[in-house]
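1. here are the coordinates; sequence isn't available:
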């Protein structure tokens, strides 16, 4: 008769299962902990070990798999090559240059074998190598990657230092470029090719600049010759004879204006530019001769003809301004008619929209209340005048005149402190970018109340200060 064994109760069966599971799982957890601890320790030490020491230390870690060792060998090959370039380029201790903080890069196409290895790679900062994109040639940058060394800003002037023949790169500079590319995730061979391309581009820049400068100079000389030819024809004078109609400075300004027009408008032909600016030169020469006639014949008889004379002076001003010779007209007004500096400035450099609205709305509070009523306060007047200099300084243009602005503000406000205004302009001249002509105006200010005789004779009374 067979013996029947009674089945254990449910709790006994659960306890048996738990015991069997713990017996199987516990060694695996211990092995995993030992592997994790060994990898973390290796992470802290591997930078200071040579390749043989790294392989020996990694192989001795309990639980490490052959796949992990093989993967590390591939990583170490890239990392060690990067460190070699880094040491040659003086980057051994540079923060963020492939050290533990920034890590190296996994070889192209490498995929971690398991999550544990992936976590370890992430902890060491070893990012996956960027994949070569379809249609991308050898040594080309993948989308989003940037070259660490870009082309220099090209300044095509005739004495540009960048146009000088370049020296070949030093080994240090070349290695620095290689390291920079490796730090972006490129393999050493790709990094070398990109660095060589950068060096070739750098060395090839100066011959290109030299050729461009030669072409620019040839075009400039052609433009000058064409302008000179047309001036000779239209003025019917050549060489020094033209100085009777146009001073050397005036001719130089006209030439500069033509060359600037050619630079600003690539569609403008040399013949058209020379024609336009030779016509401006001809108009300026005619205005100059008419002005000189006016200055030599007008005296006390100008009384009663103020409006007519001012209309002519304004017309001459427009002509001189159109050819870039407003400063020459300013000097002629002072020299030939006897205008004060401020009066000459108002004719040569009249008000424009950039600061005209400010002057029109200028209503400072220059008074203080006393028991005798309101009286002018010199401190407030000075403060308001200095504030005006700073306000207008934000909008002043290269063709504006400091003297014109000071004169117009004084006409608007009889208590305006011109001395404080010009002093403040001198203090902030560099900050607001005054040009040399505007800076040279500051010592010419005349802050007394009495106008010159020419100011009184030729200008409308409303324009007198």
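-> Happy to help now that I have it. Note that the structure is predicted; figures quoted are calculated from it, not measured.
2. so residue 227 touches residue 277, yeah?
-> Yes. Under the criterion of C-beta atoms under 8 Å, residue 227 makes contact with residue 277 at 6.3 Å. In short, each C-beta sits where N, CA and C put it, glycine included.
3. and for the two, which residues touch both?
-> Taking C-beta atoms under 8 Å, 6 or more residues apart in numbering as the criterion, residue 227 and residue 277 both touch 254-255, 258.
4. which one among those residues gets closest to residue 416?
-> In terms of C-beta to C-beta, no member of the shared contacts of residue 227 and residue 277 lies closer to residue 416 than residue 254, at 37.4 Å.
5. Can you tell me the element that closest one falls in?
-> According to DSSP states H and E, residue 254 maps onto helix 248-264.
6. Give me the average confidence score over that helix.
-> Averaged across helix 248-264, the pLDDT comes to 93.
7. So which bits of that helix are buried?
-> Residues 250-251, 253-255, 257-259, 261-262 are the ones in helix 248-264 that count as buried (16 or more other C-beta atoms under 10 Å).
8. And what about residue 61, helix, strand or coil?
-> The three-state label given to residue 61 by DSSP: H, G, I helix; E, B strand; the rest coil is coil.
9. what's the burial count for it?
-> By other C-beta atoms under 10 Å, 17 other residues sit near residue 61.
10. ok, so what distance separates it from residue 34?
-> Computed as C-beta to C-beta, to the nearest Å, the residue 61 to residue 34 distance reads 8 Å.
11. Residue 203 now?
-> Using C-beta to C-beta, residue 203 is found at 56 Å from residue 34.
12. Over to residue 271?
-> Distance from residue 271 to residue 34, by C-beta to C-beta: 88 Å.
13. Tally up the residues packed near residue 287, please.
-> Counted with other C-beta under 10 Å, the neighbours of residue 287 add up to 21.
14. Do you know the pLDDT at it?
-> Note for residue 287: predicted pLDDT of 95.
15. what's the least confident helix or strand in the chain, going by average pLDDT?
-> Lowest on mean pLDDT, DSSP states H and E among the helices and strands of the chain sits helix 115-123, with a mean of 53.
16. what's the next secondary structure element after that one?
-> Next helix or strand after helix 115-123 toward the C-terminus (DSSP H and E): helix 171-184.
17. Who has more neighbours out of residue 271 and residue 34?
-> Taking neighbours as other C-beta under 10 Å, residue 271 and residue 34 compare with residue 34 leading, 14 against 11.
18. which ones are touching that one?
-> 61-63.
19. for residue 277, same thing?
-> 227, 254-255, 257-258, 261, 323.
20. Just put these in CSV and tack on distance to residue 306.
-> Shown next, in CSV, are the contacts of residue 277 (distance: C-beta to C-beta, whole Å):
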residue, distance to residue 306
227, 38
254, 32
255, 36
257, 32
258, 37
261, 37
323, 27
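21. between these, which is nearest residue 39?
-> Residue 39 lies nearest to residue 261 out of the contacts of residue 277, by C-beta to C-beta, at 70.8 Å.
22. Now do stretch 360-373: distance from first to last residue.
-> Start-to-end span of stretch 360-373 (C-alpha to C-alpha, to the nearest Å) is 27 Å.
23. What is the subsequent helix or strand relative to the helix or strand residue 273 falls within?
-> For residue 273, the host element (DSSP H and E) is helix 270-297. Downstream of helix 270-297, the first helix or strand assigned by DSSP H and E is helix 306-322.
24. same for that next one, what does it pack against?
-> With contacts taken as 3 or more C-beta pairs under 8 Å, 6 or more residues apart in numbering; DSSP states H and E, helix 306-322 sits against helix 270-297, helix 326-337, helix 341-348, helix 453-458.
25. mind listing what's buried in it?
-> For helix 306-322, by 16+ other C-beta under 10 Å, it's 306, 309, 313, 316-317, 319-322.
26. next one: stretch 352-368
-> The neighbour-count check on stretch 352-368 (16+ other C-beta under 10 Å) flags 355, 358-359, 362, 364, 366 as buried.
27. now swap in stretch 175-184 and tell me
-> 175-184.
28. next one: stretch 368-388
-> Buried, per 16+ other C-beta under 10 Å, within stretch 368-388: 377, 380-382, 384-386, 388.
29. Now do it: distance from first to last residue.
-> From its first residue to its last, stretch 368-388 covers 19 Å (C-alpha to C-alpha).
30. any idea of the mean pLDDT in that stretch?
-> Mean pLDDT, computed over stretch 368-388, is 89.
31. Other residues contacting it?
-> Contacts of stretch 368-388 (C-beta under 8 Å, 6+ apart): 358, 362, 364-367, 409, 415-418, 420-421, 423-424.
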